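Asker: just coords:
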């Protein structure tokens, strides 16, 4: 099975909101609305939780085996960590989410070896993770 072009289109389109806050603050910081940071942070956490869900999806078919169980536990931990990040002060939350995204990528390296995979998925995931972490790091830099 090959990833359809729509997966790439939606994946990269999902990166656009990740850059709205940092780019807005970079180009016109005085015009940024008060709600922008909270909305942006919520989106970043939502995407992190969604990506944990994709990890869950790869793990669920193998849930009766050791690797499937490990995968489900890892996915659940990432969902919980994404939610907890929203309870932190803003800068700590941004740093936490950058770490969560990076750890998810490390977990994907394990998943590629232990569970079923789809050709091209890891490469797409790598590109999207680099983009998301880049947006988070840019926002930290602007603080």
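Answerer: Everything's here; your move. Note that the structure is predicted; figures quoted are calculated from it, not measured.

Asker: drop to CA atoms for contacts and neighbour counts, all remaining ones
Answerer: Noted.

Asker: check which helix or strand covers the residue nearest the centre of the chain.
Answerer: Residue closest to the mean C-alpha point of the chain, counted by CA atoms, centre = their mean, is residue 48 at 3.3 Å. Using DSSP states H and E, residue 48 sits in helix 36-59.

Asker: Which positions within the next helix or strand after that helix qualify as buried?
Answerer: For helix 36-59, the following helix or strand on the C-terminal side (DSSP H and E) is helix 66-85. Residues of helix 66-85 classed as buried under the neighbour-count rule (16 or more other CA atoms under 10 Å) are 67-69, 71-72, 74-76, 78-79, 81-83, 85.

Asker: Name the residue most distant from the centre of the protein?
Answerer: Relative to the chain centroid, the chain (CA atoms, centre = their mean) has residue 30 farthest, 28.3 Å.

Asker: unless I'm mixing things up, the residue nearest to the centre of the chain is touching residue 103, no?
Answerer: No - with contact defined as CA atoms under 8 Å, residue 48 does not count as touching residue 103 (10.6 Å).

Asker: that older thread, quick one: secondary structure of the residue farthest from the centre of the chain?
Answerer: Assigned with DSSP: H, G, I helix; E, B strand; the rest coil, residue 30 falls in the helix class.
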